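Engineer: Predicted model follows, preceded by the sequence.
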Amino acid sequence: MATDGGVPGGNAFKESLRETLVEFARAKKRISYVELARKLGRDAQGPWPELDALSAAETEAGRPDLTLIVIQRETGYPTRFRGHDFNTRNLDDLSEYGKALKAVFQHFPPEPKPKPVW
């Protein structure tokens, strides 16, 4: 068990970050940097090296990039996408992001609802 007290960049913080993103992905929702920062007790202002590390870990493990659900409130899109600044006027970025986001949502299906015991 991590004992870093939830310090950004520490193991407990990273676990909490991933758990929060998985929760949102299972609900088929995106989350803004501001909302994520509020949930994690962190400053919303970037950079977010924790997101970069999580992105790398997810893709290295053969999973879709879970961090794609973190978006700017103003645009509804991530700040960066596939190694470059996301361009909301670039049709390729928009199309590829849509496909990548769909893959995230498919990889993290909703939790099954418990069946009644009676």
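Structural biologist: Nice, thanks for sending it over.

Engineer: Every contact and neighbour count from this point should use C-alpha atoms.
Structural biologist: Noted.

Engineer: quick one, what contacts A56?
Structural biologist: D65 (C-alpha atoms under 8 Å, 6 or more residues apart in numbering).

Engineer: Give me the secondary structure label for the spatially most central residue of the chain.
Structural biologist: Nearest residue to the geometric centre of the chain (C-alpha atoms, centre = their mean): T67, 2.9 Å. When classified by DSSP: H, G, I helix; E, B strand; the rest coil, T67 comes out as helix.

Engineer: Now do the same contact list for it.
Structural biologist: If a contact means C-alpha under 8 Å, 6+ apart, then T67 has L21, L51, L54, S55 as its contacts.

Engineer: Equivalent analysis for R26, please.
Structural biologist: F105, F108, P109, P110, E111.

Engineer: Repeat that for F108.
Structural biologist: V22, A25, R26.

Engineer: Need phi/psi at P112.
Structural biologist: Main-chain dihedrals, P112, degrees, to the nearest 10: phi -70, psi 140.

Engineer: Report pLDDT for it.
Structural biologist: Looking at P112, its pLDDT is 79.
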